[in-house]
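1. fold the stuff below for me.
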Amino acid sequence: MVIDWSIFSIITTAVGTMATAIGVAFVAWQVRLSKKQTQAAFEDQLDQQYRSLTIDLPVDILTGKHPQAQDKNRVRELIYNYLDLTNEQIYLRVKGHISKQTWISWSAGIQAHLRRPAFSSVFNEIKSKCGFSYLERLVDEGFLSDPKVWF
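-> Numbering: from 1, shown residues only. Okay, here's the model as predicted:
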């Protein structure tokens, strides 16, 4: 029996090429999965910051009431910190560090908070003094645009 080495060589090359392609696809999938996991952990960290700020807000504020006189300064500080975090979240969306699904949820939450009198009052008081330009733009555009496409 005579072995045709050219056919053997072609088959070996084809198998090697397929194995390389499968390996590259697997590595690409792993990199994508790792990126998604890292992004989810990052977004969760920001969610924790949000929760730690809002947990100290009186329920009345979250249901649309104005703060009691004795709570006014503390509530004002908490809302300011929330607005600062919100501005940072928008900036991170501009930079592409926040997923579209997360952004849709966060944007709806920001809009809901800014409809509440205490939040709206603090935002209107500080917006010209604090440089929350990303939050201002989002509000000015009626929450209709995705910050990721701003620049």
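2. which ones are touching the residue nearest the centre of the chain?
-> To find the centre residue of the chain, average its C-alpha atoms and take the closest one (Cα atoms, centre = their mean): that gives Ile98, at 3.0 Å. Applying Cβ atoms under 8 Å, 6 or more residues apart in numbering to Ile98 gives the contacts Gln39, Glu43, Gln89, Leu92, Trp106. For glycine as for every other residue, the C-beta is placed from the backbone atoms N, C-alpha and C.
3. hang on, the second one packs against Lys100?
-> No - under the criterion of Cβ atoms under 8 Å, Glu43 is not in contact with Lys100, lying 11.5 Å apart.
4. which SS state does the residue nearest to the centre of the chain fall under?
-> Each residue gets one of three states, and Ile98 gets coil by DSSP: H, G, I helix; E, B strand; the rest coil.
5. can you tell me how far it is from Leu85?
-> Distance from Ile98 to Leu85, counting by Cβ to Cβ, to the nearest Å: 13 Å.
6. same question, Ser52
-> As judged by Cβ to Cβ, Ser52 and Leu85 stand 10 Å apart.
7. who's more crowded, the two?
-> Counted by other Cβ atoms under 10 Å, Ser52 and Leu85 do not tie: Leu85 has more neighbours, with 18 against 11.
8. can you map out the helices along this structure?
-> Here the chain has its helices, by DSSP state H, at 5-54, 59-62, 72-94, 100-115, 117-130, 133-140.
9. tabulate those helices (a markdown table), appending distance to Lys148 and mean pLDDT.
-> As requested, these are arranged in a markdown table below (distance: least, Cβ to Cβ, whole Å; pLDDT from 0 to 100):
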| stretch | distance to Lys148 | mean pLDDT |
| --- | --- | --- |
| helix 5-54 | 13 | 89 |
| helix 59-62 | 28 | 92 |
| helix 72-94 | 6 | 96 |
| helix 100-115 | 7 | 96 |
| helix 117-130 | 22 | 93 |
| helix 133-140 | 12 | 96 |
